[in-house]
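A.B. asks: Mind folding the following:
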Amino acid sequence: MSQINVEKIGNWYHKLLYVVDRNELFQSTIFLSERSKTINVNKLVSERLLTIPKQKYPLYISDILLDAMTDRDKLYILCHVDILFDPELKIIPTQLFEQISKTYKLVVEWPGTYENGKLIYAEYGFPEHFITEDFEGEVYVN
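C.D. replies: Sure, this is the predicted structure:
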């Protein structure tokens, strides 16, 4: 992980880095500094959705995350992003990250695998199964 120069992320159009850890022992703490903030997406989103009707969930997800980001110079480490794959949200997580990463620098702890150029979440047959090779950003596999 030490080979990643986080400063370069700020120069990318999509300031987005996916960290995939085969052992699910994320080492994103190496990115922590005065200029970074870790966001527990599961906690943030689930707390904020409590008062919103289910049919309106897709309209609020982006705003919920953006409300937690206030400084364009900070690096935001998004951990525990599993909730974003819930079919009730009706969103495509990678597109959400891409949209946000045009403004903010993101490191996403990817809770799945990266195989043959594809980001994968959950196994085939599960309702939250997700697979894409059409995504922006860089991938780092540990």
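A.B. asks: where does the nearest residue to residue 57 once chain neighbours are set aside land on pLDDT?
C.D. replies: Nearest residue to residue 57, sequence neighbours excluded (CB to CB, 6 or more residues apart in numbering): residue 89, at 5.1 Å. No exception for glycine: its C-beta is placed from N, CA and C like everyone else's. At residue 89, the model reports a pLDDT of 96.
A.B. asks: Residue 89 contacts residue 59, correct?
C.D. replies: No - using CB atoms under 8 Å, residue 89 is not in contact with residue 59, being 10.3 Å away.
A.B. asks: So between the two, which is more surrounded?
C.D. replies: residue 89 (19 against 11; other CB atoms under 10 Å).
A.B. asks: check contacts around that one.
C.D. replies: Neighbouring residues of residue 89 by CB atoms under 8 Å, 6 or more residues apart in numbering: 57, 58, 61, 83.
A.B. asks: Residue 46 too?
C.D. replies: residue 83.
A.B. asks: CA atoms only: put the host helix or strand of it into CSV for me.
C.D. replies: Element membership for residue 46, per DSSP states H and E: helix 41-49. Extracted in CSV, the C-alpha atoms of helix 41-49 (Å, rounded to 0.1, in the frame of the first residue of the first chain):
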residue,chain,number,x,y,z
VAL,A,41,-21.2,4.7,5.2
ASN,A,42,-23.4,2.0,6.7
LYS,A,43,-23.9,3.9,9.9
LEU,A,44,-24.3,7.3,8.3
VAL,A,45,-26.8,6.2,5.7
SER,A,46,-28.9,3.9,7.9
GLU,A,47,-29.2,6.6,10.6
ARG,A,48,-30.3,9.3,8.0
LEU,A,49,-32.8,7.0,6.2
